[in-house]
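**Q** Please work out how this folds:
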Amino acid sequence: MYIPNTKALLIPTLLLSFASTAVAEGAPQGLPAEVITLKERAVNSNIYSIGTLEADESVLLRPELTGKIIAIPFQEGGKVKKGDILVQLDDAQYRAQVAEAEARVKQSDSENRRVEKLFNRGVGSETDRDGTQATMKINTAQLDMAKINLEKTRIRAPFDGITGLRQFSPGDYINAGSELVQLVNIDKMKVDFSIPEIHLLNVSVGQAFSIRLPSFPGREFVGKVSAISPVIDEKGRSISVRGMVDNKEGVLRPGLFAEVILTTDSKTALSVPEEALIPQGNQYFVYRVVEQKIDMVPITIIQRKQGAVAISGPLNSGDVIVTAGQLKLQPGSPVTPMFVDGSQPAPGAKKEAATEGASE
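**A** From the prediction side, this is the model:
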């Protein structure tokens, strides 16, 4: 009696059943291709320039008097407050001049009061009274001048800041006008740069910009335009612009070279990787996946930046775009999407949604 080979019959049946189930569930068919989900991103219109950082305030301190240095209360490279004494000159001579002037003022004040009494009694003359008053004013002015010179022996910080390196020591004899030490305030930094005159209407006070520095690769510092020169440079046909950059961290230093990026306009646009573009003559296209088939869509390039391309065309956010494998594909051909941006729908999501809709 013939016994059929049930194993041989079962395998084709199972394969046929699996294939039918796969087709029924809408399993991907066709060649595999890397895809992403189309999204919008900010697209900025920028003006690029270069500049050099400068301290918000900077001064090279010089003495107004000639004398010997007797004290240096500051620490090189340290922070100081406005009014702090940085250098003290020998003030013995000037203190003596103040004492002498004070004695003269006291004497002239007594003489003036005595003459005033006599004049009020009708004994003294008006000339004597005017003379003593003038003498008192002269002596008072000389006292003020002596006090001013005494104060000039103390070189103080004109603003909060950081001191530079000194090239002198206690005991050094310095002349008036000699360079002592530099003081800078770097809580904020100035950056001066130039832009072509054609962008005159695209820049305004308060406008945001960013800077990149070779000393800080990968970082950007944000600032705002603080002033615009009222004069156009006739030789370079450019406009001088000054910006302020916050430096609360204290990492920026005067003299650093900076690349300036001035944003003139900002909007959103659809963005695809550079490799998604398909050039044909003077036109560019992308492959869009619609119901797991290829649809060829013409696009217009708005901006290229660091491997990303902002585009416009008959596309929508959420469309699936092919980024690799285009050479093996053509419009209308089936495709198996392989999401490389982590946006792939959860397995079975469509089936569950269909089931819920049917149950309702």
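**Q** make it CA atoms for all contacts and neighbour counts henceforth
**A** Fine.
**Q** separation between Ile70 and Val181?
**A** 16 Å (Cα to Cα, to the nearest Å).
**Q** got it, and Lys188?
**A** Distance, Lys188 to Val181, by Cα to Cα: 20 Å.
**Q** same thing with Lys79?
**A** Counting by Cα to Cα, the gap from Lys79 to Val181 is 13 Å.
**Q** swap in Ala227?
**A** Applying Cα to Cα to Ala227 and Val181 gives a distance of 29 Å.
**Q** Which residues are in contact with each of Lys79 and Val181?
**A** Thr163 (Cα atoms under 8 Å, 6 or more residues apart in numbering).
**Q** So those two - more neighbours on which side?
**A** Set Lys79 next to Val181 and count neighbours by other Cα atoms under 10 Å: Val181 wins out with 18 against 15.
**Q** and the more buried one, bridged to which residues?
**A** Leu61 (DSSP bridges).
**Q** OK, contacts around it?
**A** Leu60, Leu61, Arg62, Thr163, Gly164, Leu165, Arg166, Gln167.
**Q** what are the phi and psi angles of the third one?
**A** Pointing back at Arg62 there. Backbone torsions for Arg62, taken as degrees, to the nearest 10, come to phi -140, psi 140.
**Q** ok, it touching Ala176?
**A** Yes - Arg62 lies in contact with Ala176 (Cα atoms under 8 Å); the separation is 7.1 Å.
**Q** just so I have it, where are all the strands in the stretch 51-200 of the chain?
**A** With DSSP state E, counting those that start in this stretch as the criterion, the stretch 51-200 of the chain has strands at 67-71, 79-80, 85-89, 154-156, 161-163, 173-174, 181-196.
**Q** Does anything pack onto the third one? Which helices or strands?
**A** Read it as strand 85-89. In terms of contacts (3 or more Cα pairs under 8 Å, 6 or more residues apart in numbering; DSSP states H and E), strand 85-89 is packed against strand 67-71, strand 154-156.
**Q** any idea which of these is most buried?
**A** strand 154-156 (a mean of 20; mean count of other Cα atoms under 10 Å).
**Q** Just checking: what are the partner strands of that one?
**A** Strand 154-156 has these partner strands in its sheet, going by DSSP bridges: strand 85-89 (antiparallel).
**Q** follow-up on the earlier one: between the contacts of Val181, which has the most around it?
**A** That'd be Thr163 among the contacts of Val181, by other Cα under 10 Å, with 23 neighbours.
**Q** pretty sure it is touching Asp84, no?
**A** No - the pair Thr163 and Asp84 fails to qualify as a contact (Cα under 8 Å) at a distance of 11.4 Å.
**Q** Among the strands of the stretch 51-200 of the chain, single out whichever gets nearest to Leu38.
**A** Nearest of the strands of the stretch 51-200 of the chain to Leu38, taken as Cα to Cα: strand 181-196 at 35.1 Å.
**Q** Now do the closest one against strand 85-89, angle only.
**A** Inter-element angle recorded for strand 181-196 and strand 85-89: 130 degrees (by axes from the mean of the first three to the mean of the last three Cα atoms, to 10 degrees).
**Q** Report the helix of this structure that spans the greatest number of residues.
**A** Taking DSSP state H as the criterion, the chain has its longest helix at helix 92-120.
**Q** the strands in the stretch 201-350 of the chain, which residues?
**A** Under the criterion DSSP E, counting those that start in this stretch, strands of the stretch 201-350 of the chain are mapped to 208-212, 221-233, 238-246, 257-273, 278-280, 283-290, 293-305, 308-312, 320-324, 335-339.
**Q** closest one to Leu31 among those strands?
**A** Closest among the strands of the stretch 201-350 of the chain, using Cα to Cα: strand 335-339, at 4.9 Å.
**Q** and that closest one, what does it pack onto?
**A** strand 31-37.
**Q** strands paired with the strand it packs on, and their directions?
**A** In its sheet, and by DSSP bridges, strand 31-37 pairs with strand 320-324 (antiparallel), strand 335-339 (parallel).
**Q** Once you drop chain neighbours, what's closest to Pro196?
**A** Counting by Cα to Cα, 6 or more residues apart in numbering, Pro196 lies nearest to Ser238, which is 4.4 Å off, once chain neighbours are set aside.
**Q** who touches the one you found in this structure?
**A** Ser194, Ile195, Pro196, Glu197, Ile232.
**Q** from those residues, which single one is nearest Thr140?
**A** Thr140 lies nearest to Ile232 out of these, by Cα to Cα, at 52.3 Å.
**Q** Which pLDDT value goes with the closest one?
**A** On pLDDT, Ile232 comes in at 91.
**Q** do Lys39 as well
**A** The model's pLDDT for Lys39 equals 89.
**Q** With adjacent residues omitted, what lies nearest to it?
**A** Per Cα to Cα, 6+ apart, closest to Lys39 is Ser317, 5.0 Å.
**Q** And the one you found, how close does it get to Leu38?
**A** Distance, Ser317 to Leu38, using Cα to Cα: 5 Å.
**Q** Name the spans of the protein whose pLDDT lies under the cut-off.
**A** 1-29, 124, 345-360 (pLDDT under 70).
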